Structure formats: structure tokens, C-alpha cells
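**Q** Below is the structure, and that's it, no one-letter string:
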């Protein structure tokens, strides 16, 4: 039976020691795609690369793209079992999927990932910069220089690296989509460096849209609110999951399946007059 997206509740208490976390260890499992989601060929013949594509929002984007007719390459850090499951789900939609493991904070790796993508799936039309990392700290004094650099390298530097590598392959009609966050707009007292990176991504979206408009490349973003992904149990204490998302107007956390259609829209011809814009699937997130 299809999992419901309408229950107003938190999740069972849980946490994970590894970061950015494993989807296969989560309970309940995030909803990747609704059974009644009907693809209509919006991305037929397109070639996409999705960073952070092994789980969470990235997995849902990869599967939705595949159902809409795209071949997909996913980039991930080291969550091999999650990545293999994403590949299985994409291929079950009848599309090609390749997976590439490595650190998006390394420019050499980013160049290699793009080169392998172009070689295996025969091109690149859509780049989704989705990989991200976060660390919860209660006080500024606890945010170390090493942590700040790691968070910015993973969350921001990677966008520059991936875009520089992808740009020679993105022709007129190409798309770049970035994952920012509701925290870019309202901040977060316990995710200081993460929120700062998401604000930087927001500014980058708007700036690149201006820089690439004459090339016919659209640049947009998605700013999710509280979404049930591996980052949550991997970042916070066990009790956090029980109240996660309850402060939204909808009274619950969102599912990746409720976010991924925003990426489909932005990547498709339906969004042909959208650039420098951000969509907000956040359940009516309110500041606390």
C-alpha cells in the first residue's frame, strides 16, 4: 500500500553515527515517489547528473527524472548500498543509471564525474547540485574552523566545481538546479555554518542566472523545508525526529516525493520562463 504523506506526526526516535547518513537505516523509510505519479515524457531523452543522488531528495529527483524519461548519473560520497538502491529504482523505470562515488568538495573528482557522465550516458543537459552536509551546534564557539571549511567545501565549493566542469557540455536549453534551504531565508540558531552555505547558494543561483542567460542556460533552485531524509537522524539527537516538522503549518515533515516534482518542473519546458528563481516546498514552515 502506498505510504501516506498526510499524517500529522513526528517520526520514531532515532539517530545515526555516520554522516551524511544512510536511508536504508531509517524508520519509516522516506517516500521516494508516489505510486500514482504518472510520467508524461517531460524529460524524454534528457541526460541528468544529480549530486547527493544516493538517498533523500537526490534519490527522489533521480527516480522522478527517470519516470519522466531521462537517463541519470548520481554522485555520492560513500553510501554504496543506498546508491545501488537508487540505481535499481532508476533502472526499474527503464532508464540508464550510473553511480560515481567521491567527494564533491574535490574539484578533480568533480571534473572526472562530469567526464564519466558524458561518456556513459552520452551527454549532459541537466545538472542538479544537491549534495550537502550539516552539523548541529548550539553555540558559535563550538563551530570549529575545520567544520566551517568542510561545510562550505561540500555545500558551496562543489557548486563551482561541478558547474565549471559541466559548462562545456551544457548547450542552449541546458539547466542547472541547486538545492538551497528554508534556512537561507529564516536562519537557524543551531545550524549556523549550514545556513550560511544555503544563503550563499541562493545568491549564486541569482548571479549565475544573470551570467548564463545569454547562453540559453537556465539556473534555478529549490528551498526545501523540513524533509525526512538521512541528514536528520545523522545530524540530530534521537528525540529530534519525534518533533521534526511539527512546527510547520501542515504539522508534519515532508517526504522527498513531495519535493522532487519541483525539480522536474524546473528542468522541463514547463519552466521555460523561469531563471534565477527558487521554489519552496516547505509545508508552510514557520520560524521558531
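**A** The structure has been received and is ready for your questions. Worth saying up front: this structure is predicted, and the values here are computed from it rather than measured. Residues are numbered from 1 along each chain as shown.

**Q** and residue 282, how many neighbours does it have?
**A** Using other C-beta atoms under 10 Å, residue 282 has 22 neighbouring residues. Using the backbone N, CA and C atoms, a C-beta is placed for each residue, glycine as well.

**Q** Mind checking what secondary structure it has?
**A** Recorded secondary structure, residue 282: coil (DSSP: H, G, I helix; E, B strand; the rest coil).

**Q** any idea how far the residue in the chain sticking out farthest from the centre lies from residue 235?
**A** Most distant residue from the mean C-alpha position of the chain: residue 141, 28.9 Å away (C-alpha atoms, centre = their mean). According to C-beta to C-beta, to the nearest Å, residue 141 and residue 235 sit 19 Å apart.

**Q** The residue farthest from the centre of the chain and residue 191: what is the separation?
**A** Distance from residue 141 to residue 191, counting by C-beta to C-beta: 15 Å.

**Q** got it, and residue 59?
**A** Per C-beta to C-beta, residue 59 is found 22 Å from residue 191.

**Q** can you check residue 264 too?
**A** Shown here: residue 264 relative to residue 191, a distance of 27 Å by C-beta to C-beta.

**Q** OK, contacts around the spatially most central residue of the chain?
**A** By C-alpha atoms, centre = their mean, the mean C-alpha position of the chain lies nearest to residue 130, the distance being 3.3 Å. Residues in contact with residue 130, defined by C-beta atoms under 8 Å, 6 or more residues apart in numbering, are 50, 51, 52, 53, 57, 58, 61, 178, 179.

**Q** if I pick the residue nearest to the third one when sequence neighbours are not counted, what's in contact with it?
**A** Once its chain neighbours are removed from consideration, residue 52 has its nearest residue in residue 131; the separation is 3.5 Å (C-beta to C-beta, 6 or more residues apart in numbering). By C-beta under 8 Å, 6+ apart, residue 131 lies in contact with 51, 52, 58, 75, 76, 77, 104, 154, 155, 158.

**Q** so who does residue 53 touch?
**A** Contacts for residue 53 (C-beta under 8 Å, 6+ apart) come out as 59, 61-62, 72-76, 83, 86, 99, 128, 130.
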